[in-house]
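Engineer: Take a look and give me a structure for this.
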Amino acid sequence: MLSVERHEMILEYLHKEQIVKVAELSQLLNVTEKTIRSDLIV
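Structural biologist: You can find the predicted model right below:
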C-alpha cells in the first residue's frame, strides 16, 4: 500500500470515528505504529 493510499484511509477513518488510537490504525492498515506516526506527521 502506498503512503498516499494510507493517508486517504486514515483521513476517511478519522472522519468517521473522530478519535482513533495509533494502535487501532496500525492494525487496520496492517503497518507498524511507527509508520502510522510518520504518516500523521506528514
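
Engineer: Residue 35 contacts residue 27, correct?
Structural biologist: No: at 12.0 Å, residue 35 and residue 27 do not qualify as touching, with contact defined as Cβ atoms under 8 Å. Yep, even glycine has a C-beta here, placed from its N, CA and C like the rest.

Engineer: Looking at the two, which has the bigger crowd around it?
Structural biologist: residue 35 (17 against 12; other Cβ atoms under 10 Å).

Engineer: and that one, what helix or strand is that in?
Structural biologist: Per DSSP states H and E: residue 35 is located in helix 33-41.

Engineer: now that helix, how far from the chain's geometric center?
Structural biologist: Helix 33-41 has its C-alpha centroid displaced from the chain centroid by 7 Å (Cα atoms, centre = their mean, to the nearest Å).

Engineer: With just CA atoms, put it into CSV.
Structural biologist: Taking C-alpha atoms only, helix 33-41 is exported to CSV below (Å, rounded to 0.1, in the frame of the first residue of the first chain):
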residue,chain,number,x,y,z
GLU,A,33,2.7,2.1,14.7
LYS,A,34,5.9,3.9,13.7
THR,A,35,4.6,4.0,10.1
ILE,A,36,1.2,5.5,11.3
ARG,A,37,3.0,8.1,13.3
SER,A,38,5.2,9.1,10.3
ASP,A,39,2.0,9.3,8.2
LEU,A,40,0.4,11.6,10.7
ILE,A,41,3.3,13.9,10.8
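
Engineer: how about the helices in the protein?
Structural biologist: Listed in chain order, the helices of the chain (DSSP state H) span 3-17, 22-29, 33-41.

Engineer: Could you dump these into CSV and include mean pLDDT?
Structural biologist: Output for the helices of the chain, formatted as CSV (pLDDT from 0 to 100):
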stretch, mean pLDDT
helix 3-17, 94
helix 22-29, 97
helix 33-41, 94
